[in-house]
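# Fold the following, please.
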Amino acid sequence: MRILIYSYNYYPEPIGIAPLMTELAEGLVNRGHEVRVVTGMPNYPQRQIYDAYKGKLYCTEERNGVIIQRSYIWISPKPGLLGRMLLDGSFVASSLVQAFRGWRPDVILLTVPPLPVSVPAALLGLIYNCPVVLNLQDILPEAAVHVGLITNKRAIQVFEALEKFAYRTASMISVISDGFTENLVKKGVDAQKIRCIPNWVDTQFIRPLEQANNAFREAYGLTDKFVVMYSGNIALTQGLETVIRTAAQLCHLPQIMFVIVGEKKALEKLRQACEKYGATNVLLLPFQPREQLPEMLAAADVGLVVQKRNVVGFNMPSKIQVLLASGRPIIASVPASGTAARAIRQSAGGIVVEPEQPELLAAAVETLYRDPAKANQLAQQGRACALQNYSFERALSRYEALFEEVTGSSVRRVPSQQGRDAAAAGAKPSPVPVQSGDAA
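Numbers count the residues shown, from 1 in each chain. Next comes the predicted model:
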């Protein structure tokens, strides 16, 4: 098929939806499909256009068989609702031009957020007479309202109208957790229109590695430490100050070291919090190159997932799958009734504690520090869960099946790149697994 992926975030952005959409696009190409991606100039997480793309209105690239069509976005120097609306608006206007520059797609996959992009996607679906699959990575504006990011009543009404429009005009909606499905059904969306395909992790790339001779531990003086690591976005929903306060409570155990990896600007506020609470056992580091991610995750003894108590229950951090795949136990400071807590309990790969409670988080860390056997058991169970439920190949097959369903087509199966390489060498290629019965 010819598949158009409409995604604000894409390679080379290192975290969030960008790596997922990059892997999906390249995986579909590897299965024999034609893929083009309409996206913005890379800017996340720094919220600054990357140097190689500054001053450009449009540019088109090709990477690993994927046509990448980038367009201008306007980024406000001051974050806020108005700045976000101008950013989204600029992408909506500029990206539509790129979307018309190329072949007619058989299906459009639209990632949300940002929510306003549902308007040009619906227009494209109408003009091209092709189905639009809405891929929900977050439910807006509900999630933003819940944590206080949007308070203006008129803005909330506008975004709620956009949300209804997006659900109504989509041919099918793919969600990343059952919590999303429950939320949409309560809002009147037909359950038959929803398919649950969890975000995945490349379990061959992210895998358990030995800590002996670990370059990351050696580089930062962690060779003899029990490392508790948080890596990812640092924003209102995370509440990383809880981690700093937890670390301060464990200063009496010099072997325990907390490592927080994130965006440089956000780290500065955490550095001030370390001084405030006397947390001398916290190492703050900027994002590492993606190719070093497996080594960095392997440097940890425990991986952290942290949310504030007011985070909406359906929120599902994609770092959960990554930590499970890395073969390290998880400690999750998240709402007990939320989707994140449910996923971790079902994985049997971690411990869930009440959010914004440093005492409880500290107790959980100390438990795994003093009980290596338990930590190892959780790690193995988590890895097994990742292999069974969050593998990339399984997710890829489910997206293929979904695209077949909405287009009413039967796609000719082709071997993966690995299979084509084997065939070229004279070996018999392995069949590509297809699980068309995996719809929610």
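# is it true that residue 60 lies in a helix?
No - counting by DSSP: H, G, I helix; E, B strand; the rest coil, residue 60 is not part of a helix but strand.
# If it is in a bridge, with which residues?
Following DSSP bridges, residue 60 is listed with bridge partners residue 69.
# Model confidence score at it, please.
On the pLDDT scale, residue 60 is placed at 97.
# same check, this time on residue 146
Looking at residue 146, its pLDDT reads 75.
# is it true that it touches residue 310?
Yes - the pair residue 146 / residue 310 is scored as a contact, 6.2 Å apart, by C-beta atoms under 8 Å. All C-beta spots, glycine's among them, are computed from the backbone N, C-alpha and C.
# Looking at the two, which one has more neighbours?
With neighbours defined as other C-beta atoms under 10 Å, residue 146 and residue 310 compare such that residue 146 has more, 17 against 14.
# Next, the distance between the ends of stretch 385-399.
Stretch 385-399 has an end-to-end distance of 20 Å (C-alpha to C-alpha, to the nearest Å).
# Buried residues in that stretch, which are they?
385-386, 389-399 (16 or more other C-beta atoms under 10 Å).
# same question, stretch 72-88
Those would be 72-73, 75, 84-85, 87-88, for stretch 72-88 by 16+ other C-beta under 10 Å.
# Narrow those residues to those in strands?
Among these, no residue falls in strands (DSSP state E).
# and which of these is nearest residue 372?
residue 84 (45.1 Å; C-beta to C-beta).
# Which residue ranges of the stretch 1-150 of the chain form strands?
All strands of the stretch 1-150 of the chain, identified by DSSP state E, counting those that start in this stretch, fall at 2-6, 34-40, 58-63, 66-71, 107-112, 132-136.
# With distance to residue 120 added, can I get those in TSV?
Shown next, in TSV, are those (distance: least, C-beta to C-beta, whole Å):
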stretch	distance to residue 120
strand 2-6	8
strand 34-40	9
strand 58-63	15
strand 66-71	11
strand 107-112	9
strand 132-136	10
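# so can I have JSON lines of these showing mean neighbour count?
Shown next, in JSON lines, are those (neighbours: other C-beta atoms under 10 Å):
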{"stretch": "strand 2-6", "mean neighbour count": "24"}
{"stretch": "strand 34-40", "mean neighbour count": "25"}
{"stretch": "strand 58-63", "mean neighbour count": "13"}
{"stretch": "strand 66-71", "mean neighbour count": "22"}
{"stretch": "strand 107-112", "mean neighbour count": "26"}
{"stretch": "strand 132-136", "mean neighbour count": "26"}
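# end-to-end on stretch 171-182?
Stretch 171-182 end-to-end distance (C-alpha to C-alpha) = 19 Å.
# Show residues contacting it.
125, 131-137, 139, 167, 184, 189, 191, 193-199, 313-316, 318, 338-339, 342-343, 399, 402, 405-406, 440 (C-beta atoms under 8 Å, 6 or more residues apart in numbering).
# So what's the gap between it and the chain middle?
Relative to its chain's centre, stretch 171-182 lies at 15 Å (C-alpha atoms, centre = their mean, to the nearest Å).
# Return the set of buried residues in it.
So, applying 16+ other C-beta under 10 Å, buried residues of stretch 171-182: 171-182.
# among those residues, which are in helices?
Among those, the residues falling in helices (DSSP state H) are 178-182.
# Now do residue 147: how many residues are near it, please.
Neighbours around residue 147, by other C-beta under 10 Å: 17.
# Ramachandran coordinates for it?
phi -100, psi 10 (degrees, to the nearest 10).
# From what I see, it and residue 307 are in contact.
No - with contacts counted by C-beta under 8 Å, residue 147 stays clear of residue 307, the gap being 9.8 Å.
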